[in-house]
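1. the sequence isn't on hand, but the structure is:
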């Protein structure tokens, strides 16, 4: 489903808001918890108020290390001692699946959704919403 502003949507799953639920006017230094959790049931409907730009995915440590090693080999591989170059090539080959997984990730599309009961959900992943 493609999210667009003004589109009616429905939650496809139950959501649990984790963290401390506090009164909006309480001081930030010492908020008093008024509820342990906030639950929003699947089937709750609302309207998409805003669609956020897709977030750039960040490489995990293995993918970042692969990128670093390949860059190092490209820039200095010919000048490296053979044993060091072979070791770096082996490490890069071992990390290649992590790099491929990172490159194949799709950007995460999120939205601001105002539910019919007045609750506003910020940065909701499109994967938990269905069209009405």
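-> Sure thing, it's come through. The shown structure was predicted, so the numbers you read here are calculated from the model rather than taken from an experiment. Numbers count the residues shown, from 1 in each chain.
2. look up how far residue 25 lies from the residue positioned nearest the centre of the chain.
-> The residue lying closest to the centre of the chain (Cα atoms, centre = their mean) is residue 108, at 5.8 Å. Residue 108 is 33 Å from residue 25, where distance means Cβ to Cβ, to the nearest Å. Every C-beta, even on glycine, is put in place using the N, C-alpha and C of the backbone.
3. can you name the residues bridging to the residue nearest to the centre of the chain?
-> Beta bridges link residue 108 to residue 55, judged by DSSP bridges.
4. also residue 22?
-> If you apply DSSP bridges, the partners that residue 22 bridges to are residue 33.
5. any figure for the gap between it and residue 107?
-> As judged by Cβ to Cβ, residue 22 and residue 107 stand 32 Å apart.
6. more neighbours: the two, which one.
-> Per other Cβ atoms under 10 Å, whichever of residue 22 and residue 107 has more neighbours is residue 22, with 15 against 10.
7. where does the protein dip in pLDDT?
-> Low-confidence segments of the chain, defined by pLDDT under 70: 20-21, 28-36.
8. swap the cut-off to 90 and go again
-> 1-3, 16-39, 53-59, 103-109, 126-127 (pLDDT under 90).
9. buried stuff in the longest helix seen in the chain?
-> Assignment by DSSP state H gives helix 82-104 as the longest helix of the chain. Going by neighbour count (16 or more other Cβ atoms under 10 Å), the buried part of helix 82-104 is 85, 88, 92, 95, 98, 99, 102.
10. so the third one sits against residue 68, correct?
-> No - distance between residue 92 and residue 68: 9.2 Å, which falls outside the contact criterion (Cβ atoms under 8 Å).
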